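Trainee: here you go, sequence then predicted model.
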Amino acid sequence: MSSSPKLALIGMVGLCGAMLATAALAQSAKDMPNVGRAATPKEIAAWDIDVRPDFKGLPKGSGTVAKGQDVWEGKCAQCHGIFGESGEVFSPLVGGTTPEDIKSGHVARLNDRGFPGRTTLMKVATVSTLWDYINRAMPWTAPKSLSTDEVYSVTAFLLNLGGIVPENFELSDKNIAEVQQRMPNRNGMTLDHALWPGKGLTTAKAPDTRSVACMKDCQVEAKISSFLPEHARNAHGNLAEQNRAVGPQHGADTSKPSGTPVQRAADPAPAAKAPAAPMALLNKNSCTACHAVAGKLVGPSFQDIAKKHGERGDAIAYLSGKIRSGGVGVWGQIPMPAQTLSDADAASIAQWLKSGAPR
Amino acid sequence: MNSDDKPSGRLIKAPENFLDPAGIRQVFAEAKSGRRDFMRKAFSAAAAAGAAAAAPAALATSNPVQAGEGDPNILTLPEHSKGLGQAVATEGYGKPSKYEANVQRRQSPGLTQTAQASVSFAPLQSLFGIVTPSGLHFERHHQGWWDIDPSKHRLMLNGSDATMLKKPMVFTMDELMRLPSVSRFHFIECGANTGMEWGNVAVPTVQYSHGMLSCSEFTGVPLRILLDLAGVDYKKARYVLAEGADGSSMTRTIPMEMVESGEVLVAYGQNGEMLRPEQGYPLRLVVPGVQGVSWVKYLRRIEVGDKPYATKDEAVHYIDLMPNGQHRQYSSIQECKSVVTTPSGGQVLLDKGFYNISGLAWSGRGRIKRVDVSVDGGRNWRSTRLEGAVLPKCLTRFNIDWVWDGKPALIQSRAMDETGYVQPSYKQLREVRSTRSIYHNNAVQTWLVQEDGEVKNVQLS
């Protein structure tokens, strides 16, 4: 390409692009009749749901914080926590922002290396992003099921949890631009990087590191400053089983202490076992979004459920009933929504639970 | 020694099987302190003691043979040399050998709480060349994967308003597959690849440190052709929004410059067959050199517009926190990077002597120009051989000779791309970005080869 590295850096996207373009686009669109058709207005309305930072695409509507709380408790709290604070399933949404941040538009805690997490409200600069994503992708197990006004109200509730709007607030297409002016991290984004492969969204002229390819007697950092502690040796499973059984190197047997002689004989490793039958059912019905076989997630583990209810005489009827109806109170205050799966599927999951929920 | 009922044809067992329990305990204890010589002595002692079994002639070798005899794998003809093999089309779609069962994509324990919004890593330590077998391609799903009926899949093109193009359009898969196609090899790397290692060593193997990386031959239609068909006004529409059909309906902003160049593809093919469901069957966007999140899977809609979109994955995630508290937004290019895959973390070198160090290099800005390797922690470097084709925005395989003398070694690779950019060290990267940015970690990787042959993931300072 260019002989000047600097020129090449600035112009490389365009240059590479131009070369490819000539070859790929020899034919013009005029020569390709009868491929594709015009989209109907109704089709476009059904799919064109994106909302931009300037609110282009935002449908008319409104919702209150109070209404949002109802929707939240029914459909959002099980993953995100009652106050949007939970990090059990996803990164926390709320926390870490202050009234001062709302004034400055910079979240001060992002400079506090001692602060443990970075919540959504600490990072997001644009309120449109929240509206758009809740509308297109939430709730996680039933995306695109909220009405427009429900999206407004859940967004209002989330903003209220972050202290951005008051408790009696009603968010609407009319006032959302004013809310944008209160987003705690609205001034927190920068385009000062050379990582945008186009012209519009970068202000840097060159990459931020300028390494040089020294070849001989180079300055080195020869002290090992970080390595995995011995107790984490097997934390990713036995590495002997994660390497091919033949080759220049074999996997270290991390089920044994460091330094154990490596096994050279290559017995064929057993093929990965297919998941036990009900896993397909559990995945298909999104049960595994909230329950693990062992260990609490949003809800109790299957094995804990098996322990608690597997012994009762009506275990299958009770458990399949509970699976279908949902409930709250048996395992805590996070509600489980009602599930729409067939009687047969619910019964086979219940049967598996009754047998102790083996892996 | 081979009296069990295992099929013949396997390697003979290693000399350590001659050790008695006391000997094994002793070897473990001594090996822990890294005394390789002691281990050898222990082996000799044990072999001498177990005189009934013929003493191995070569103790610390991966090709042992009994003195005066020979390898039973040679001396006793195996079944497959003396019998009738299996019929054609026994498997309508062939599978890897059963001996390859260890080569799997895997999750990193504890990284995510759900298996639907999660990632699985490609086993780079076991791969050759530059192509990732489609079944081992890394996965990143935001709301679970689907196997979508291609006869019902549609691609829509529209504008952020009516002035952006002449005609909003809808295409079926049948129609897209009638258009002029191109096939190109490109790497895809998640922006968060190596993200767990920003602050310190966190994972043991190259699968977990670099395995959100894959490379395929993708076949599809340049998006430019579709935009031309719809009569896009390229003066106004400088941004493209790509949207998926799955639950999360993933959206990302792509610069029109890249589409105009002809390199952005609407792809249906991967390594000679259709895309795998985990990779977006039947249609995904291919955005060469750009982080994987922009390669929208289950692609259902392309919108052209005059402004960027600040979608969830460019306003909440995939933004890089800088030391001053600001986040870099729309950071998309995967900069020049490389990693040695053999030997790599979690492996054990079986003996001293000759090895072929091999690894992968890639750059989101074009072709790889050179890859250097150091075995002394970066003091001295040698340039490597580049294997096969060196293609733009594609993995490049490098290798270099090495004779291991049994002493500790620090193996590193450092790539340079055709723009002259040189892959930085951790020190150089952290000086600019500190350690909290999660994304776009392209630092030089170091593997420590211990005296006992085990390879560990380490960082230097």
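Mentor: Done, it's in.

Trainee: residues touching residue 249, list them.
Mentor: The chain I'm using is chain A. A:N243, B:T342, B:P343, B:Q347, B:V348, B:L349, B:L350, B:V455 (CB atoms under 8 Å, 6 or more residues apart in numbering or on different chains). All C-beta spots, glycine's among them, are computed from the backbone N, C-alpha and C.

Trainee: oops, I was thinking of chain B
Mentor: A:I49, A:R136, A:A137, A:P143, A:K144, B:E243, B:R300.

Trainee: the third one and B:E243 touch, don't they?
Mentor: This means A:A137. No: applying CB atoms under 8 Å as the test, A:A137 and B:E243 come out as separate, 11.2 Å apart.

Trainee: comparing those two, which residue is more hemmed in?
Mentor: Using other CB atoms under 10 Å in any protein chain shown, the more surrounded residue of A:A137 and B:E243 is B:E243, with 24 against 19.

Trainee: one step back: can I get the contacts of B:S249 in JSON lines with distance to B:H210, pLDDT and secondary structure?
Mentor: Listed next are these as JSON lines, based on distance: CB to CB, whole Å; pLDDT from 0 to 100; DSSP: H, G, I helix; E, B strand; the rest coil:
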{"residue": "A:I49", "distance to B:H210": "36", "pLDDT": "98", "secondary structure": "coil"}
{"residue": "A:R136", "distance to B:H210": "31", "pLDDT": "97", "secondary structure": "helix"}
{"residue": "A:A137", "distance to B:H210": "29", "pLDDT": "97", "secondary structure": "helix"}
{"residue": "A:P143", "distance to B:H210": "32", "pLDDT": "96", "secondary structure": "coil"}
{"residue": "A:K144", "distance to B:H210": "35", "pLDDT": "96", "secondary structure": "coil"}
{"residue": "B:E243", "distance to B:H210": "29", "pLDDT": "98", "secondary structure": "strand"}
{"residue": "B:R300", "distance to B:H210": "31", "pLDDT": "98", "secondary structure": "strand"}
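
Trainee: so which of those residues is the closest to B:P96?
Mentor: B:R300 (33.0 Å; CB to CB).

Trainee: could you measure from the closest one over to A:A39?
Mentor: Distance of B:R300 to A:A39, given as CB to CB, to the nearest Å: 12 Å.

Trainee: next SSE downstream of the lowest-mean-pLDDT helix or strand in chain A?
Mentor: One helix or strand of chain A scores below all others by mean pLDDT, DSSP states H and E: helix A:5-24, with a mean of 44. Downstream of helix A:5-24, the next assigned helix or strand under DSSP states H and E is strand A:37-38.

Trainee: packing partners of the helix or strand following that following strand?
Mentor: Following strand A:37-38 in sequence order, the next helix or strand is helix A:41-47 (DSSP H and E). The contact analysis (3 or more CB pairs under 8 Å, 6 or more residues apart in numbering or on different chains; DSSP states H and E) places helix A:41-47 against strand B:154-159.

Trainee: anything in the strand it packs on near chain A?
Mentor: Yes: contact of strand B:154-159 with chain A (CB under 8 Å from any CB of the partner chain) involves B:M156, B:L157, B:N158.

Trainee: just the buried members of those?
Mentor: Buried members of the residues of strand B:154-159 next to chain A, scored by 16 or more other CB atoms under 10 Å in any protein chain shown, are B:M156, B:L157, B:N158.

Trainee: can you report how many residues lie near B:A415?
Mentor: Neighbours of B:A415 (other CB under 10 Å): 28.

Trainee: do the same with B:T396
Mentor: Look at B:T396: counted by other CB under 10 Å, it has 26 neighbours.

Trainee: quick check: pLDDT value at it.
Mentor: Per-residue pLDDT puts B:T396 at 98.

Trainee: got the contact list for the nearest residue to it once chain neighbours are set aside?
Mentor: Closest residue to B:T396 apart from its sequence neighbours, by CB to CB, 6 or more residues apart in numbering or on different chains: B:I368 at 4.2 Å. Shown in contact with B:I368 (CB under 8 Å, 6+ apart): B:C336, B:S338, B:A361, B:W362, B:L386, B:V390, B:T396, B:A415, B:M416, B:D417, B:E418.

Trainee: done for today, thanks.
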